[in-house]
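Trainee: Sequence and predicted structure below; questions after.
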Amino acid sequence: MAATGAEPRRRIPSVDALLRSEPGRRAGATFGRVLLKRTLTGVLAEAREDAARGGGPPQDDVLLARAISRASRAANGLVRVINATGVVLHTGLGRAPIPEVAARAAARAATGYTDLEVDRETGRRGRRTTRAELLVCAITGAEDALVVNNGAAGVLLVLAALARRRSVLVSRGELIEIGGGFRIPEIMAASGARLVEVGTTNRTRLSDYREALADPVALILKVHPSNYRVVGFTAGPSARQLASLARSAGVPFAYDLGSGLLDRIPGLPDDEPTAAGALGDGADLVIFSGDKLLGGPQAGIVLGRADLVERARRHPVARAVRVDKMQVAALEAVLAEIAAGRGDGLPVRRMLREPAEQVRRRAEDLALALDGDLSGAHVVACESAVGGGSLPGAALASFGVRVQAPDPEAMAARLRAGVPSVFCRVTDEGVLFDLRTVRSDEVPDLARAIVYAREADDVEDE
């Protein structure tokens, strides 16, 4: 039996044998021998595992093709994607698309020297995030602000600076898990703060916090459940109530908003908290992300009381979570647009606020582009989602094009692997392309990608 199981594995070629082949030498010259060797090692390891389970080994050219494909993806880096999922803040696709003005600002910062950490008036060393912090303070009315590399980093830094080896009160109903499996208790443990849970999962009262304040406490933390909703028999104190309680106890109150809505945007749910509103309710610190509802690049923003922000700024962790020059430049440009009253022109806001009838017109344009080349394509009403851990349950009326396919999953896979890559939704009726997240100038490319993928689907079905 052992010999039988080992025989398929012996037929799997070595890494060196494939590297020495003519296709292997050509691919090594194109992508670099070290990269191809790395991808070959992974592909052959998978083939050996499959053979050990009884599977037959693929042909040598198939193994090499898989390794070359992986090397190509790594060497070519990020590629353009058409987002036809209808998820506006799609985490897998990079969340908020930034406006052209921000992209140009990031490119200028990347391709030359900048005054990143120099005060041009004095010639002395400055702070890289001064301009962005001035802008966000002007927009929200905060005393001071600090920009770091993401929202979770902002929470980590605040906890480390204000509550290391001390207790922090958090409602059990707010011990959320964010993307990638990271949880608030784990972030708190990494900061060195001690978690004190109050209340229950669905109901936490102000008295629960008050009773917990009988022991020494460094901070009260409220976490907005921006990626889920608890409904039914629920209760929780407002930010204003917690701020008042924190003031009477002489401890800071920090509010992690998560989704990053600076101020009220027409059309979004009224119960979504805003940074300006949280400060108005008395929060000492407010923390949120830059690449969600703000519509900017990945960043974390901490704003509020100047003395507390300064303590966070001077903490050693602040340097470890700082932003780079391209993030700074893009964030400055986005905040400048909002400060100048041009925030509605940001891509995220346009997509969130666009009337469904305008989306329908793009769907009709796509269906018209497919007419004559593809049968079984229909304009349908659908619902888009905000995504990105923001406004869970908030559906946006939208329109898309549904394309019938013999194997919808296979067609979606071909679309993802194509050029340009297209991400869509697979339904029981076929493949759905939600046009809310597709720009008008992307419609011709999307149409060509659909025709190609569907034709390949038809050939395989035959």
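Mentor: Yep, it's here. All figures in this text were calculated on a predicted structure; none of them were measured in a lab. Numbers count the residues shown, from 1 in each chain.
Trainee: contacts, neighbours, all on C-alpha from now
Mentor: OK.
Trainee: A strand includes residue 412, no?
Mentor: No: Residue 412: not assigned to a strand; according to DSSP: H, G, I helix; E, B strand; the rest coil it is helix.
Trainee: where's it relative to residue 28, distance?
Mentor: Residue 412 sits 30 Å away from residue 28, going by Cα to Cα, to the nearest Å.
Trainee: Tell me which of these two has more neighbours.
Mentor: More neighbours surround residue 412 than the other of residue 412 and residue 28, with 23 against 19 (other Cα atoms under 10 Å).
Trainee: OK, contacts around the more buried one?
Mentor: Contacts for residue 412 (Cα atoms under 8 Å, 6 or more residues apart in numbering) come out as 423-426, 431.
Trainee: least trustworthy helix or strand in the chain by mean pLDDT?
Mentor: helix 2-10 (a mean of 56; mean pLDDT, DSSP states H and E).
Trainee: Touching, residue 240 and residue 277? I think so.
Mentor: No: using Cα atoms under 8 Å, residue 240 is not in contact with residue 277, being 9.8 Å away.
Trainee: wait, residue 224 sits on residue 175?
Mentor: No: applying Cα under 8 Å as the test, residue 224 and residue 175 come out as separate, 9.7 Å apart.
Trainee: Okay, buried residues for the following helix or strand past the least confident helix or strand of the chain please.
Mentor: Downstream of helix 2-10, the next assigned helix or strand under DSSP states H and E is helix 15-20. Across helix 15-20, burial judged by 16 or more other Cα atoms under 10 Å covers 15, 18-19.
Trainee: Same check on stretch 64-75?
Mentor: So stretch 64-75, judged by 16+ other Cα under 10 Å, has buried residues 64-68, 70-72.
Trainee: Repeat that for stretch 31-38.
Mentor: 31, 33, 35-37.
Trainee: longest single strand anywhere in this protein?
Mentor: In terms of residue count, the longest strand belonging to the chain (DSSP state E) is strand 390-403.
Trainee: Can you spell out which helices and strands pack onto it?
Mentor: Under the contact definition 3 or more Cα pairs under 8 Å, 6 or more residues apart in numbering; DSSP states H and E, strand 390-403 sits against helix 356-370, strand 377-387, strand 430-434.
Trainee: a markdown table please, covering the ones you listed and showing mean neighbour count and distance to residue 90.
Mentor: Converted to a markdown table, the helices and strands packed on strand 390-403 look like this (neighbours: other Cα atoms under 10 Å; distance: least, Cα to Cα, whole Å):
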| stretch | mean neighbour count | distance to residue 90 |
| --- | --- | --- |
| helix 356-370 | 20 | 18 |
| strand 377-387 | 20 | 6 |
| strand 430-434 | 25 | 13 |
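Trainee: can you tell which of those is closest to residue 142?
Mentor: strand 377-387 (26.9 Å; Cα to Cα).
Trainee: Give me the domain ranges for this structure.
Mentor: According to automatic domain parsing, the chain comprises the domains 2-75, 81-93+349-461, 100-342.
Trainee: Distance from the shortest one to the middle of the chain?
Mentor: From the chain centre to the centre of domain 2-75 is a distance of 33 Å (Cα atoms, centre = their mean, to the nearest Å).
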